[in-house]
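Peer 1: Provided below are the primary sequence and the corresponding predicted coordinates.
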Amino acid sequence: MANLADMAKSKTPKPDNLSWMYRIASFTVAKYWRDYYYAINGIDCGHCSNPQRKKCKAGNLYSECPRAIKIENLNKPIVDEDGHITELGEVVADDNAIDLDAWLDAKTFLLGCPERLIDIAVKRRDGIPLSHADRIYWSKWQKKSQKRLPV
């Protein structure tokens, strides 16, 4: 419908018949379903070759796409070699996870910490008011170290 409204507002000459409107509407519906399939499976048929698309169409194999990403449930139980049952989400590695042992060791943190940031921390600890430049620098480092939540 939005495409039809956009075309009605455009100044380009267009045929004024129903077949034109049906074509835009059918394209919009097809695009919706392609986008939906892509969101669910991580790939759409546009990534496959023409022979593969014909094979899927002939056998109605869309639900068994060989290139689609199969999404696992993170609550799925996994049995390890000792017979213990854990959830899949517990065994997935996280590259952004904080190494707690390294954070507990203050010397490790201070090795990579800028000198100015240490001076600001000392001022805050002693109750000395920060200058405007120090507040901006402090704010920048807080935002830089803040973890982003996935959308």
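Peer 2: Sure thing, it's come through.
Peer 1: Show me what whichever strand or helix holds I40 is packed up against.
Peer 2: Mapping I40 onto the secondary structure by DSSP states H and E places it in helix 18-41. Helix 18-41 makes packing contacts with helix 2-9 when contacts are defined by 3 or more CB pairs under 8 Å, 6 or more residues apart in numbering; DSSP states H and E. Every residue, glycine included, has its C-beta placed from N, CA and C.
Peer 1: ok, back up a step: enumerate the positions of whichever helix or strand comes after the helix holding I40 that are buried.
Peer 2: With elements assigned by DSSP H and E, the helix or strand that comes after helix 18-41 is helix 50-59. Along helix 50-59, the positions that meet the burial threshold by neighbour count (16 or more other CB atoms under 10 Å) are C56.
Peer 1: Show me what the next helix or strand after helix 50-59 is packed against.
Peer 2: The helix or strand immediately downstream of helix 50-59 is strand 77-79, counting by DSSP H and E. Strand 77-79 makes packing contacts with strand 85-87, helix 88-91 when contacts are defined by 3+ CB pairs under 8 Å, 6+ apart.
Peer 1: average model confidence for the longest one?
Peer 2: The average of the pLDDT scores along helix 88-91 is 76.
Peer 1: so what secondary structure elements neighbour that helix?
Peer 2: With contacts defined as 3+ CB pairs under 8 Å, 6+ apart, helix 88-91 has these neighbours: strand 77-79.
Peer 1: what's in contact with the strand it packs on?
Peer 2: For strand 77-79, the external contacting residues (CB atoms under 8 Å, 6 or more residues apart in numbering) are I85, T86, E87, L88, V91.
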